[in-house]
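Enquirer: no letters, just coordinates:
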């Protein structure tokens, strides 16, 4: 495994201030959020945003809006069928049960359940918006599905503090991939980063791994923006993603 399974740290963090400007709607039966750029300069290009376990909420909407401000039509898809987790769950929450069974015991969040949702989102972007160049961002939980869906048309990827990505999934992403990592992260610790470097170097596609000091898992989407070091890391990780797409997707 190139990164470990999710844990308590996957819901810890802070809510950002701001007013989202995109629209909430449905892709099929799935909740979604679309952030649309003011210019059509990148009309055939889009970013699929595959979120962490909190899914579509204040922070993810604001980040999608930021990608739109940089010219990218950005779609967030809810991979959990309305069963996302809330911010700051109590310690000891049973992630394994939630992943395998869902909150009600009948809505699993396994690859068998999530893969078709990601495929439907990709199809929507291609059919409804005529997207020809597709990038994807994956935060925590979402990173796995960026890697898994290269075969379905994701050409360029950015992932931050990835969780439970299998080595063969990382190997299978045959395009440019950028990773933002936290210095303190039990899910993507140093040994997993180094193993990921080995895999990425061996497969030969453009890659980068940026390590941000004095931050923890989830920093790019849930950090405490009142702390200078955390805000810096969050902002630089976003710029890392934009520069990556501007270079390899356009």
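Expert: Yes, it's here. All values reported here derive from a predicted model rather than from experimental measurement. Residues are numbered from 1 along each chain as shown.
Enquirer: flag every buried residue along stretch 174-184.
Expert: By neighbour count on 16 or more other CB atoms under 10 Å, the buried set for stretch 174-184 is 175-182. Glycine gets a C-beta too; all of them are placed from N, C-alpha and C.
Enquirer: wait, stretch 98-105
Expert: Under the neighbour-count criterion of 16+ other CB under 10 Å, stretch 98-105 has 98-99, 102 buried.
Enquirer: which residues outside that stretch are in contact with it?
Expert: Defining contact as CB atoms under 8 Å, 6 or more residues apart in numbering, one finds that stretch 98-105 is touched by 5-6, 80-81, 83, 85, 107-110.
Enquirer: do stretch 143-155 as well
Expert: Residues contacting stretch 143-155 (CB under 8 Å, 6+ apart): 3, 48, 50, 79, 111, 114-115, 118-119, 122, 126, 133-138, 157-166, 169-170, 172-175, 177, 248-249.
Enquirer: greatest separation within the contacts of stretch 98-105: which pair is it?
Expert: For the contacts of stretch 98-105, the maximum inter-member distance is 20.2 Å, found between 5 and 81 (CB to CB).
Enquirer: quick one: low-confidence ranges for the protein?
Expert: When the per-residue scores of the chain are filtered using pLDDT under 70, the ranges that remain are 1-10.
Enquirer: can you tell me which strand in it is longest?
Expert: Using DSSP state E to define each element, the chain has its longest strand at strand 207-216.
Enquirer: in a strand, that's where residue 76 is, yeah?
Expert: Yes - Residue 76 sits within a strand when classified using DSSP: H, G, I helix; E, B strand; the rest coil.
Enquirer: between residue 5 and residue 81, point out the one with more neighbours.
Expert: The residue with more neighbours, out of residue 5 and residue 81, is residue 81; 17 against 13, by other CB atoms under 10 Å.
Enquirer: tell me which helix or strand that one sits in.
Expert: In this assignment (DSSP states H and E), residue 81 forms part of neither any helix nor any strand.
Enquirer: contact partners for it?
Expert: By CB under 8 Å, 6+ apart, residue 81 lies in contact with 29-30, 102, 107, 113, 117.
Enquirer: and the residue most central in space within the chain, what are its phi and psi?
Expert: Using CA atoms, centre = their mean, the residue of the chain that lies closest to the mean C-alpha position is residue 138, 1.6 Å off. The phi/psi pair for residue 138 (degrees, to the nearest 10) reads phi -130, psi 120.
Enquirer: what's the neighbour count on the closest residue to it other than its chain neighbours?
Expert: Take residue 138 and drop its neighbours on the chain: the residue closest to it by CB to CB, 6 or more residues apart in numbering is residue 146, 3.7 Å away. Counted with other CB under 10 Å, the neighbours of residue 146 add up to 27.
Enquirer: so which strand or helix has residue 146?
Expert: Assignment of secondary structure by DSSP H and E places residue 146 within helix 141-148.
Enquirer: can you name the next helix or strand after that helix?
Expert: Heading towards the C-terminus - elements assigned by DSSP H and E - helix 141-148 is followed by strand 156-160.
Enquirer: next, the buried residues of the helix or strand just after that following strand.
Expert: The element immediately downstream of strand 156-160 (helix or strand, assigned by DSSP H and E) is helix 167-172. Buried residues in helix 167-172, counted by 16+ other CB under 10 Å: 169-170.
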